[in-house]
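A.B. asks: Take this sequence and fold it.
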Amino acid sequence: MAATPSGGAILVRTKEPEIGEFSGNGRLRIGSDNLVEGFAALNVPLGDTAAARVSGGFRKRDGYVIRVIDGLDLGNDDSMTINGALRWEPSPDFTLSLRADYTDRDENGAPFTFAGINENAPVPAIVSVAAGCPGATMPFPGTPAPGAPFVPNINDNRCANDFQDRGPFVNGGTAPVMSTSAVWIVSGTATFDLTDALTFKSITAYRSPESRGIRDADTGISSCQPASDGCARAGYDPRPRPL
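C.D. replies: Here you go, the predicted structure:
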């Protein structure tokens, strides 16, 4: 594929059981941030016409952005996957493949850090006034501090300003965070060669995903939504994640 292709696709196929062969393989890798990653697979022949293959893997790694409030490490990896497959070839013209996969993740969420804030935008002003920031005003008459949206650039944790910047690997969020998912898939494929030029294939599959994610994207005292004008731009990952 070219360096800048206008289109293209990558096809990834899980390895099928191999009939008539008993084999296995595995690997273990360690790295920085307490990375531990493992994989193992076993292929077992079931007579002359069938075989089964079971594989599984896991990956654990510490996060590299730390929350001040609770010491939680963001950007961590904690996942595992299990795969089982059965292949049956009773004749040269017929093949049946059955497969089941399960993947589980239980992680702390994305490694957000503070990237900047607009102290003259409404949302930072509102949350700063609500938190008791000295000198902050918000654009609502009749409120405790009416006036044009403004947050003073002072070192006070009640103020949503650039003093919320705690460094490239520190997160100032205060709300609970999490990132979990559980996905299992079952599938079956039947292939029948009717003639040398005609093949019938039936593919049936079912997928059940469950996921939940909570993030504190403002990385500070405010509770503004990430898309709001003036909210801390928290979509900054201070370092590339290893593949």
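A.B. asks: ranges for the strands of this structure?
C.D. replies: Assigned by DSSP state E, the strands in the chain fall at 23-31, 35-46, 50-61, 65-67, 73-74, 77-91, 94-107, 170-171, 178-193, 199-214.
A.B. asks: how near is Ala175 to Ala130?
C.D. replies: Going from Ala175 to Ala130 by Cβ to Cβ, to the nearest Å gives 15 Å. For every residue, glycine as well, the C-beta is placed using N, CA and C.
A.B. asks: Pick out whichever of the two has more residues nearby.
C.D. replies: Per other Cβ atoms under 10 Å, whichever of Ala175 and Ala130 has more neighbours is Ala130, with 17 against 11.
A.B. asks: how far away is that one from Ile69?
C.D. replies: Taking Cβ to Cβ, one finds Ala130 at 18 Å from Ile69.
A.B. asks: so Trp184 touches Tyr102, yeah?
C.D. replies: Yes. Trp184 lies in contact with Tyr102 (Cβ atoms under 8 Å); the separation is 4.4 Å.
A.B. asks: Give the residues shared as contacts by these two.
C.D. replies: Between them, Trp184 and Tyr102 share no contacting residue under Cβ atoms under 8 Å, 6 or more residues apart in numbering.
A.B. asks: Where does pLDDT dip in this structure?
C.D. replies: 1-8, 217-243 (pLDDT under 70).
A.B. asks: What residue in it is the furthest from its centre?
C.D. replies: Checked against the mean C-alpha position of the chain, the extreme residue using Cα atoms, centre = their mean is Thr195, at a distance of 45.5 Å.
A.B. asks: quick one: that residue and Ser91, what's the gap?
C.D. replies: 14 Å.
A.B. asks: cool, Pro122 as well?
C.D. replies: Plainly put, Pro122 is 72 Å away from Ser91 if you go by Cβ to Cβ.
A.B. asks: now do Glu37
C.D. replies: 41 Å.
A.B. asks: Rebuild the strands of the chain as CSV, extending it with mean neighbour count.
C.D. replies: Shown next, in CSV, are the strands of the chain (neighbours: other Cβ atoms under 10 Å):
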stretch, mean neighbour count
strand 23-31, 10
strand 35-46, 15
strand 50-61, 18
strand 65-67, 22
strand 73-74, 23
strand 77-91, 16
strand 94-107, 16
strand 170-171, 22
strand 178-193, 15
strand 199-214, 10
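A.B. asks: Let me see the contact set for the residue lying closest to Gly26 once chain neighbours are set aside.
C.D. replies: Nearest residue to Gly26, sequence neighbours excluded (Cβ to Cβ, 6 or more residues apart in numbering): Ala40, at 3.8 Å. Going by Cβ under 8 Å, 6+ apart, Ala40 touches 24-27, 55-57.
A.B. asks: Distance to Pro141 added to these, as a markdown table?
C.D. replies: Formatted as a markdown table, the contacts of Ala40 follow (distance: Cβ to Cβ, whole Å):
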| residue | distance to Pro141 |
| --- | --- |
| Gly24 | 74 |
| Asn25 | 71 |
| Gly26 | 69 |
| Arg27 | 66 |
| Ser55 | 65 |
| Gly56 | 63 |
| Gly57 | 60 |
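A.B. asks: Identify, from those residues, the entry nearest to Leu96.
C.D. replies: Ser55 (19.6 Å; Cβ to Cβ).
A.B. asks: Now the closest one: closest residue in space, sequence neighbours ignored.
C.D. replies: Ser55 sits nearest to Ala41 (Cβ to Cβ, 6+ apart), 3.8 Å away.
A.B. asks: what number of residues lie near Gly116?
C.D. replies: Gly116: 11 neighbours (other Cβ under 10 Å).
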